[in-house]
Structure formats: C-alpha cells, structure tokens
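Visitor: pasting the structure only:
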C-alpha cells in the first residue's frame, strides 16, 4: 500500500473514531465539525508517519539481508576451500 493509501486510511480511521466517540457520548454527529477536521488531520498525519516507518524498515531489512548473504557466501567459500584441501591431502597411513 502506498503513501496515499496510508494517509487516506488513517484519515478515515480518525473520522470513524470521532464518530464513535460522539456516539458513545450520545451527542449529535455534526455538533462540532472542527473536531472532525482535527481527527482526520491527526490520523492522516499518523498514517503518513506509519508509511515512512514502513519504508525505512523495508530499507533496513534489505541491507541486513544483503549483509547476511555476503556472510553466508564467505562461510560457504571458506568451508569449500577446507573441504578441497582435505580431499587433496593424502590419506594417513595405517599401521596394522
């Protein structure tokens, strides 16, 4: 989901929360429209920052994945060299 989806989703959630709040208090829904605007703006802003956090976390995870792949490749190369060295060396002589 993109930026627009996060912001609009947060705004609709804020509007729903505002209507729920007024419903619990048994007050008219359109009593104070400024409160609606404040909730929509606040929750839309929260959606924007949630989107930014999501993008940041995806970037961090991609970097960590690249680091892990490099480390695993280095370990695999090291193990392969050790195995090749062991296979090239002559077998020990048994005294039987």
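Guide: Looks like it came in fine. All of these numbers come straight from a predicted model, not from anything done at the bench.

Visitor: Strands of the protein, start to end?
Guide: Remark: strands of the chain are absent; assignment by DSSP state E.

Visitor: Just confirm residue 51 contacts residue 9, I think it does.
Guide: No: look at residue 51 against residue 9 with Cβ atoms under 8 Å: they stay out of range, at 9.7 Å. C-beta: built from backbone N, CA, C; applies to glycine.

Visitor: More neighbours: those two, which one.
Guide: The neighbour comparison of residue 51 against residue 9 (other Cβ atoms under 10 Å) goes to residue 51, with 19 against 16.

Visitor: any weak-confidence spans in the chain?
Guide: The chain contains residues with pLDDT under 70 at 96.

Visitor: rerun at 80
Guide: Within the chain, the stretches with pLDDT under 80 are 1, 90-96.

Visitor: longest helix of it?
Guide: Counting by DSSP state H, the longest helix found in the chain is helix 33-88.

Visitor: For it, which helices and strands make contact with it?
Guide: Secondary-structure packing of helix 33-88 (3 or more Cβ pairs under 8 Å, 6 or more residues apart in numbering; DSSP states H and E): helix 3-24.

Visitor: contact partners of the helix it packs on?
Guide: Helix 3-24 has contacts (Cβ atoms under 8 Å, 6 or more residues apart in numbering) with 1, 28-29, 31, 35-36, 39-48, 50-51, 54.

Visitor: Show me which positions of that helix end up buried.
Guide: Neighbour counts over helix 3-24 (16 or more other Cβ atoms under 10 Å) mark 6-7, 9-11, 13-15, 18, 22 as buried.

Visitor: out of those residues, who's nearest residue 75?
Guide: For the buried residues of helix 3-24, the residue nearest residue 75 by Cβ to Cβ is residue 6; the value is 39.0 Å.

Visitor: on that earlier part again, quick one, which of the contacts of helix 3-24 are buried?
Guide: 36, 39-40, 43-44, 46-47, 51.

Visitor: Same list (those) but as TSV, adding distance to residue 95.
Guide: Compiled in TSV, the buried ones among the contacts of helix 3-24 are given as follows (distance: Cβ to Cβ, whole Å):
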residue	distance to residue 95
36	93
39	87
40	87
43	82
44	83
46	78
47	77
51	73
